[in-house]
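In: Provided below for reference: sequence and predicted model.
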Amino acid sequence: MTNGAVDGVGIPDRWQRLWAPHRMAYLSGENRPLKENDVSCPFCEIPKGEDESSLIVFRGHTAYVVLNLYPYNPGHLLICTYRHIADLTDLTNEEREELFRLTSDSMRVIRKVSKPGGFNLGMNQGAVSGAGVAEHIHQHVIPRWSGDANFMPLIGQTKVLPKLLSETRAELASAWLEIQ
């Protein structure tokens, strides 16, 4: 649609939609270590390789630092525990302390190398929170610079939607019939 798109109640909302239905393959679990597919946990596999080819920046005692293969910004790092564990509350004190020390160290290193204006730090706990690899805890360290934000919603008044509304509607309508 173009500017002047219509929202769900028929009022123009001035947002354009950029449809990206190919994203549904990833969102549905393709090449992700989910219980229903046969993909190994990448965060368990990465430390088995050589540092350079595996993009490992630093190896600690209980955790390691690796470049994100799907970065939001240049220098986007992940701090991963060696132990395959999903939840922050299940970490040992040693793992938790090293995870946060490596987060702090990562910020220092990134500041030295690329002088960002700030950082986004975070971990998504559980698949519904956005964790792509929900079964293996990892902390994101994302360097930020003034003006690096995605222009789509800020300037372009455009939202990226991963599925066509017609497909969503058909799925919902079908499921609705099943609960009757």
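Out: That came in fine, so what should we check first? Numbering: from 1, shown residues only.
In: measure residue 65 to residue 128 for me?
Out: Going from residue 65 to residue 128 by Cβ to Cβ, to the nearest Å gives 26 Å. Every residue, glycine included, has its C-beta placed from N, CA and C.
In: ok, now residue 107?
Out: 28 Å.
In: Please apply the same query to residue 115.
Out: 35 Å.
In: Please report the residue range of the longest strand in the protein.
Out: For the chain, the strand reaching the highest residue count under DSSP state E is reported as strand 138-144.
In: And the contacts of it?
Out: 43, 68, 71-81, 99-100, 102-103, 106-107, 110, 114, 116-123 (Cβ atoms under 8 Å, 6 or more residues apart in numbering).
In: now residue 139, which residues is it bridged with?
Out: Counting by DSSP bridges, residue 139 forms beta bridges with residue 79.
In: ok, it to residue 52 distance?
Out: Taken as Cβ to Cβ, the span from residue 139 to residue 52 is 22 Å.
In: the more surrounded of these two?
Out: Comparing residue 139 with residue 52 by other Cβ atoms under 10 Å, the one with more neighbours is residue 139, at 20 against 7.
In: List the residues that contact the closest residue to residue 76 other than its chain neighbours.
Out: If the residues on either side of it in the chain are set aside, residue 76 comes closest to residue 68, at 4.3 Å by Cβ to Cβ, 6 or more residues apart in numbering. By Cβ under 8 Å, 6+ apart, the contact set of residue 68 is 76, 77, 78, 140.
In: the more surrounded of residue 65 and residue 128?
Out: Legend: neighbour count by other Cβ under 10 Å for residue 65 and residue 128, higher for residue 65 (21 against 8).
In: Next, the more buried one: secondary structure please.
Out: Following DSSP: H, G, I helix; E, B strand; the rest coil, the label given to residue 65 is strand.
In: Buried residues, stretch 84-95. List them.
Out: 91, 95 (16 or more other Cβ atoms under 10 Å).
In: and that stretch, C-alpha only, in PDB?
Out: The C-alpha trace of stretch 84-95 is given here as PDB (Å, rounded to 0.1, in the frame of the first residue of the first chain):
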ATOM      1  CA  HIS A  84      23.700 -25.300  27.700                       C
ATOM      2  CA  ILE A  85      21.200 -23.600  30.000                       C
ATOM      3  CA  ALA A  86      18.200 -21.400  29.100                       C
ATOM      4  CA  ASP A  87      17.400 -19.200  32.100                       C
ATOM      5  CA  LEU A  88      19.300 -16.600  34.000                       C
ATOM      6  CA  THR A  89      18.000 -17.900  37.300                       C
ATOM      7  CA  ASP A  90      19.600 -21.300  36.600                       C
ATOM      8  CA  LEU A  91      23.200 -19.900  36.200                       C
ATOM      9  CA  THR A  92      25.700 -20.600  38.900                       C
ATOM     10  CA  ASN A  93      27.100 -17.500  40.600                       C
ATOM     11  CA  GLU A  94      30.400 -18.000  38.700                       C
ATOM     12  CA  GLU A  95      28.600 -18.100  35.400                       C
END
